[in-house]
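Asker: Need coordinates for the below:
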Amino acid sequence: MNTIILALAILPVIVLAWYIYKKDKYEKEPFSMLVKAFLLGVLAIPMDLIIVAIINTLIPGGTVFYTAFFEAGIPEEFCKWALFMLFIWRNKNFNEPFDGIVYACFIGLGFAGIENIMYVFGNETIGGALSTGVMRALLSVPGHFLFAVIMGYFLGMAKFRPEQRSKYLTLSLVCPMLAHGLFDYLLMLSSAFSENDLGWIGTILFVLFIYLDLKMWKIGVRHIAKMQENSRIEHNNRIFRDIFKS
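Answerer: Purely as a prediction, here's the structure:
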């Protein structure tokens, strides 16, 4: 049964990693770099725990908003972004706009994979582990993936539009934080109302959550398509530059 639970935790990570890898059409990233990015996502877990511990000593918590933004959205996305900037940003393999999405997604999926394992095996019952695994496979892992698409899109824009780098670097951090925080806030608030005999409010909030989720998928697909086109242009330009150099 543990094998089934583990498979449930990691299967959505593998599916989404394969999906974004196949979308990288023009110059596949080295396998070693993809592993590195994934492991950076794993490293983001202890970083996040330390930062959350510091935040909890500085800011009084206890509300759903606080949990969603200050214990999840803000510190988690900051850790992923910081590791990207430290270990990926200047790497020679980051040579096309779409690469920003690829590497950000592998970092995000590394984080989501470990977080998933922690949550499913943290349940005391098999039923609880299975239900947690299913819900996280449908919501949390795709959520981390979509936050990473948003981050990677703006990082790719920052890398290849240096004249607007400050703007895009700011957006690459702030937009995933806001999307992640709002995603968690609506889901947590919906659950809180449903558990306190205000199920109709919880239902409305859950509908808003589903709308946000679908909206993020639409934005994510659009970002992927746009960066694929930008990478095609950059790939062709690089070929022409190499021809003229020779």
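Asker: which residues in the protein form helices?
Answerer: Secondary structure of the chain (DSSP state H): helices located at 2-23, 31-58, 64-68, 74-87, 97-121, 126-135, 141-160, 165-194, 199-245.
Asker: can I get those in a markdown table with mean pLDDT and mean neighbour count?
Answerer: For every residue, glycine as well, the C-beta is placed using N, CA and C. Converted to a markdown table, the helices of the chain look like this (pLDDT from 0 to 100; neighbours: other CB atoms under 10 Å):
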| stretch | mean pLDDT | mean neighbour count |
| --- | --- | --- |
| helix 2-23 | 90 | 16 |
| helix 31-58 | 96 | 16 |
| helix 64-68 | 95 | 17 |
| helix 74-87 | 98 | 21 |
| helix 97-121 | 94 | 25 |
| helix 126-135 | 82 | 16 |
| helix 141-160 | 96 | 26 |
| helix 165-194 | 94 | 19 |
| helix 199-245 | 82 | 15 |
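Asker: Glu77 versus Pro176, what's the distance?
Answerer: 4 Å (CB to CB, to the nearest Å).
Asker: between those two, what contacts are shared?
Answerer: Common neighbours of Pro176 and Glu77, counting by CB atoms under 8 Å, 6 or more residues apart in numbering, are Phe147, Met151.
Asker: Would you enumerate the residues in contact with Ala17?
Answerer: When contacts are counted by CB under 8 Å, 6+ apart, Ala17 is found next to Leu34, Phe38, Cys105, Phe106, Leu109.
Asker: Surely the second one touches Ala112?
Answerer: No. With contacts counted by CB atoms under 8 Å, Phe38 stays clear of Ala112, the gap being 10.3 Å.
Asker: Just to check, Glu96 is in contact with Asn236?
Answerer: No. Checked against CB under 8 Å, the pair Glu96 and Asn236 is beyond contact range at 10.7 Å.
Asker: ok, the nearest residue to Ala9 once chain neighbours are set aside - contacts?
Answerer: Distances taken as CB to CB, 6 or more residues apart in numbering put Asn116 closest to Ala9, at 4.2 Å, once the chain neighbours are dropped. Under the criterion of CB under 8 Å, 6+ apart, the neighbours of Asn116 are Ala9, Ile10, Pro12, Val13, Gly133, Arg136, Ala137, Ser140, Val141.
Asker: Can you say which two of the residues you listed are spatially most distant?
Answerer: Ile10 and Ser140 (13.0 Å; CB to CB).
Asker: any idea how far Tyr119 is from Gly113?
Answerer: Separation of Tyr119 from Gly113 (CB to CB) stands at 11 Å.
Asker: what do you get for Tyr26?
Answerer: From Tyr26 across to Gly113, the span is 27 Å (CB to CB).
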